[in-house]
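A.B. asks: With the sequence up front, the predicted model follows.
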Amino acid sequence: MAGDLCEKIYGRDDLSLLLPGGIALLPTSFSEVYSKVLYDLKTNRLKNTRIIQHDLTTIEVQLVLDTPNEQALPSNDMILSFVQQEFQKIVGSEVTVTVKQVETIEHQGPRIVSHVDRSTVLIKKYR
């Protein structure tokens with residue numbers, strides 16, 4: 001009806017990941033994971049990220065971490081494990097999430113890359 005308020009603005013569909021069941025996962029979900037790294041793990045060692053969706057059930061998260069001294073906590077493995085668990089909670093058990101530490105991520109390229117053909121997926125729900 002004219003004059004009604006929007007309940008939610010979802011943003012660009014091309015930045016979302018597509019999950020089984022017609023779910024479009026919005027980038028705000030990813031930022032929640034990165035916020036938890038900062039506040040729950042109490043570290044700012046996460047310097048850059050890229051998410052690559054290979055297909056509907058396979059997601060790769062690439063992380064660039066700064067180099068700590070040997071006793072620094074949390075360790076690289078702790079950060080990688082934490083990010084993997086948090087992404088897994090968001091995407092569910094039908095999707096495999098792999099988290100890798102990489103040396104660098106090109107600044108020119110996109111941060112979210114999906115190889116899923118969007119024309120073959122009917123989006124039923126945004127999350």
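C.D. replies: Nice, I can see it.

A.B. asks: Can you pull the phi/psi pair for the nearest residue to Ser81 once chain neighbours are set aside?
C.D. replies: Spatially, and ignoring its direct neighbours in sequence, Ser81 is nearest to Val99 (7.8 Å; Cβ to Cβ, 6 or more residues apart in numbering). All C-beta atoms are positioned from the backbone trio N, CA, C, and that covers glycine. Backbone torsions of Val99, given as degrees, to the nearest 10, read phi -120, psi 130.

A.B. asks: I'd guessed Val99 sits against Phe82; true?
C.D. replies: No. Using Cβ atoms under 8 Å as the test, Val99 is too far from Phe82 to be in contact (9.0 Å).

A.B. asks: picking up where we left off before, counting neighbours, what do you get for the residue nearest to Ser81?
C.D. replies: Using other Cβ atoms under 10 Å, Val99 has 20 neighbouring residues.

A.B. asks: For it, give me its contacts.
C.D. replies: Val99 sits next to 60-63, 80-81, 83-84, 87 when contact means Cβ atoms under 8 Å, 6 or more residues apart in numbering.

A.B. asks: Mind putting those into CSV with secondary structure and neighbour count?
C.D. replies: Below are the contacts of Val99 laid out as CSV (DSSP: H, G, I helix; E, B strand; the rest coil; neighbours: other Cβ atoms under 10 Å):
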residue, secondary structure, neighbour count
Glu60, strand, 15
Val61, strand, 19
Gln62, strand, 18
Leu63, strand, 22
Leu80, helix, 18
Ser81, helix, 13
Val83, helix, 23
Gln84, helix, 17
Phe87, helix, 20
